[in-house]
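Novice: Following is a predicted model, sequence given first.
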Amino acid sequence: MKIKKINIATQNVTSQLSLNDRIAVYITERLGTMAMVYGAIVFILFWMFVGYETYEDPYPFPLLLLIINIVTMILLPLIMVGQNLMNREEQIRSNEARKATMTSYENILVILECLEKDERELLYQTKVLNALLTAAGHDPKKFRSEVKLQD
């Protein structure tokens, strides 16, 4: 058996996406941060403070909720598309890692098989040498201990 070479396609899925897909991934990556959460909180507090202090908007909540709902309705599907695209890239990476693992496992099995064959061959050669030593009138155990002492 022959050992297989591990071939991992390190292709970047993001570079193969369309312009719309790249925009969706970009927005998803930027909106999924704590900085965006803090920014939204600051915006809401600013809106309420300015509306209350200037008396331009004595009830700042209806217009604020309208703006937030419109933004949410636009961004939620966009974020879902970006999540799906990012999940696709992770799935491809996972599949590549699985292929590499399975190839490594198959290679280990091949190596173990070769080692077992080598071990059988060494045992055979040891038996042949012991038989030759015995036929020549030498004790194989004594000969082995003499060889060890010379090392």
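Specialist: Yep, it's here.

Novice: For Leu78, what is the enclosing helix or strand?
Specialist: For Leu78, the host element (DSSP states H and E) is helix 60-135.

Novice: cool, Ile27 as well?
Specialist: helix 19-31.

Novice: where in the protein is pLDDT low?
Specialist: Scanning the chain for pLDDT under 70 picks out 1-15, 52-60, 148-151.

Novice: ok, 80 please
Specialist: For the chain, residues meeting the criterion pLDDT under 80 lie at 1-17, 32, 48-63, 143-151.

Novice: Neighbours of Ile92, how many?
Specialist: Close neighbours of Ile92, defined as other CB atoms under 10 Å, add up to 14. Every residue, glycine included, has its C-beta placed from N, CA and C.

Novice: roughly how far apart are it and Met102?
Specialist: For Ile92, the distance to Met102 (CB to CB, to the nearest Å) stands at 16 Å.

Novice: now Lys141
Specialist: 46 Å.

Novice: Same question for Leu63.
Specialist: Distance of Leu63 to Met102, computed by CB to CB: 58 Å.

Novice: cool, Leu78 as well?
Specialist: 37 Å.

Novice: These two: who's more crowded?
Specialist: Leu78 (15 against 12).

Novice: List the contacts of the more buried one.
Specialist: Counting by CB atoms under 8 Å, 6 or more residues apart in numbering, Leu78 makes contact with 24, 27-28.
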